[in-house]
Structure formats: structure tokens, C-alpha cells
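Q: Show me the folded form of this:
(one chain, ligands or ions: 2)
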Amino acid sequence: MKTKYWDFLENYNIDEIKYGLDDKQSDRMIKKIASENHKGIHMNLLNLPHADVIFTNCRDRYKRYRGLTYTLLFFLIIAAAFITYIIRNSGTIDISRYVVTISIVFILSVFFEFPLLIYSVYKTRRILFDYLKDIIFYGPGILDLPVPGHLKDIIIPLGKGNERTVTGEVICSCASNEMRLIVNAPPNCDSFPVKELKIVTYLSATCINCNKEYLIFDKNIHGWKGFINLEKTEGERSFAFVECPKCRCLSHSLYITVCSSGKEYFINESFLQKDDDTPLSGNDWVNAFSNFMAYAVCSNCGWNFPVVDSQTD
Ligand SMILES: [Zn+2]
Ligand SMILES: [Zn+2]
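A: Ligands and ions are numbered 1, 2, ... in the order given. Below is the predicted model of the structure:
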């Protein structure tokens, strides 16, 4: 899947950069893309689920150098203390000599630390650049996340994710994340959260900024049972607004987690057709997810609470 942040790539001829230029020219073009779209790329890198390994790698490297720097600084301070001790024992305390000693210590520490830091920053930048190059060339193709088709334009994946699970925030096409949520609720229940989370089989979100409405989850049509088995869990339902249990606010940001058994399992088990013999394509695996969870974060007080937790296979 491709998040909206990658839209800027459409302004460049990626195929030409990839195949038509020599390595140096191609690197130059990637750097140009990177500098012209710094903000979008930064957002993307933070949101890429498969960025995990590379960032862990970079972070570890950074921590290692930071550790080294602190150790070095520690020894330099000990040395400074020792020198001061010697000066003090050798007669009267000479403030100017003391100041000179401390200055030398700091100059030395800077002298030792800088090459280390520059080196680690350079290395880290190189890794990130190669990674970015990879993403720009192959980006959308290598994101194999179980984001259902009806959500792919409004979910921004967060942190971790793989073929089996993805968590993302729901963002409206107007870029707002504040939603008014509606779930099915027992009759005569005008507000949610209900005590029994299990009864929630429907969730829709309406953008507070632009009023656009999104169907986020409906067990009757989504997930393995709804999508492949065409199983209707229930007929008539009544609905209620989701309100914050703490402050009763009706505006929330919404996060969802989808779990899947993976593409291969889907192809083997579904025989690429629905129960009514409608044919399916391999790409439909994302719609036959096995679990759907959602939680809301109150826009007013920040309280977060689950809204849906539904097994769908
Ligand atoms: Zn909106
Ligand atoms: Zn609240």
C-alpha cells in the first residue's frame, strides 16, 4: 500500500532515475527528491512499519557512540579531578591554573568526541539514504500489510507491522484525525461505551472537520466470515455515538489493528472464491482478515479506550 505522503513521487520519473541514469546521477536525483520533500519523507519514515529493523540498527549505533562518549567524558572528569587534587596539594590553590586545566579537559573531550559523532552521524545518514533509495524505487510494492481495501486510503500505519498484523491511525482525506464515532449498541442504550465490548460489530467514523463519513468495520461484510463466508451475524441493529467514559466528549482520534492469517493461507483456504462462488483475486487476502480491533483517544482529555475487539474468522 502507498500512504498519501508518497504522492510527491508522482512528480518524478522514477523509472528514468532507476534505469536510465548511472549510479552517481541517480544518487544525485535521490538526494534532490529527498531535499525537496524533506517533510513528507520524514513523516513517511516514521510511519513505515518495515522501517523497524533499519531504525533499530541506527538507534543501536547511535546509542553505542553515545555510550562511548559518556565513558570518555567520565574518565576526563576523573582526570580533571585528579589534576585539581595534585594542584591543591602542591601549595596554594591557583584559580587560573584550575580554569586552564578544566578548559583543557573540555577541549580534549570535544576533540575526541567530535570525530566519533561525525562518523556515527555520517554512517547513519548513509544507511538512511540507501534505505530511502530502496523505498523510492520499490516502496509501495514492498509494503505487504493486511490493510483491508476499504481502509487503505485512510489508514496511516504506525510503528510495527507485517503480513500478519498492522496498526494504524485513521486520517480523513482532509488530513484531520478527529472523528465522531458510531457503533451498534443494545436497544435503548443511547451512549457508548457499553459494558460488553463483544457486542460491537459495527463502527463508522465521521470526520469532524469535513463531515465525510467512513464505514470502518461491519462484521456482516468484513473479515473472513463476512467477506468469504458471507455470514450475517445479525440483522436489525440500533446505533449509538461513542462518548469518552471520562469527559463524555464525542470527538476522538481512532486507531485500528487488523490481524490476518496471510496471503498464502488465504489462497489455500478460500480457493479464491466466495461461498456464493464469486471469484476472488489473490489481492483480496487483505479483506479476509481474522481479527479487528479499534480504540479511541479522546480529543478533549486524552483518555483512550477500546471500541471494537472482534474475531472475524
Ligand atoms: Zn475530513
Ligand atoms: Zn475525554
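
Q: can you list the residues of the protein near ligand 2?
A: Contact residues, the chain versus ligand 2 (C-beta under 5 Å from the ion): Cys244, Lys246, Cys247, Cys249, Cys298, Asn300, Cys301, Trp303. Every C-beta, even on glycine, is put in place using the N, C-alpha and C of the backbone.

Q: Can you lay out these as JSON lines showing secondary structure?
A: Output for the residues of the chain next to ligand 2, formatted as JSON lines (DSSP: H, G, I helix; E, B strand; the rest coil):
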{"residue": "Cys244", "secondary structure": "coil"}
{"residue": "Lys246", "secondary structure": "coil"}
{"residue": "Cys247", "secondary structure": "coil"}
{"residue": "Cys249", "secondary structure": "coil"}
{"residue": "Cys298", "secondary structure": "strand"}
{"residue": "Asn300", "secondary structure": "coil"}
{"residue": "Cys301", "secondary structure": "coil"}
{"residue": "Trp303", "secondary structure": "coil"}
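
Q: now the residues you listed as TSV including neighbour count and pLDDT?
A: Listed next are the residues of the chain next to ligand 2 as TSV, based on neighbours: other C-beta atoms under 10 Å; pLDDT from 0 to 100:
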residue	neighbour count	pLDDT
Cys244	21	89
Lys246	12	89
Cys247	12	91
Cys249	14	92
Cys298	21	93
Asn300	13	94
Cys301	13	94
Trp303	14	91
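
Q: of the residues you listed, closest to Ile256?
A: Of all the residues of the chain next to ligand 2, Ile256 sits closest to Cys298, with 16.5 Å by C-beta to C-beta.

Q: That closest one: what's it in contact with?
A: Contacts for Cys298 (C-beta atoms under 8 Å, 6 or more residues apart in numbering) come out as Cys244, Lys246, Cys247, Cys249, Ser251, His252, Asn304, Phe305.

Q: need the residues of the chain near ligand 1, please.
A: Cys172, Cys174, Ser176, Cys207, Asn209, Cys210, Lys212.

Q: hey, where'd the helices end up in this structure?
A: 14-15, 23-36, 38-47, 52-89, 95-142, 223-227, 263-270 (DSSP state H).

Q: Tell me how far the shortest one lies from the chain's centre.
A: Spelled out, that is helix 14-15. Put simply, helix 14-15 sits 26 Å off its chain's centre (C-alpha atoms, centre = their mean, to the nearest Å).

Q: Then the fifth one?
A: Distance, stretch centre to chain centre, for helix 95-142: 26 Å (C-alpha atoms, centre = their mean).
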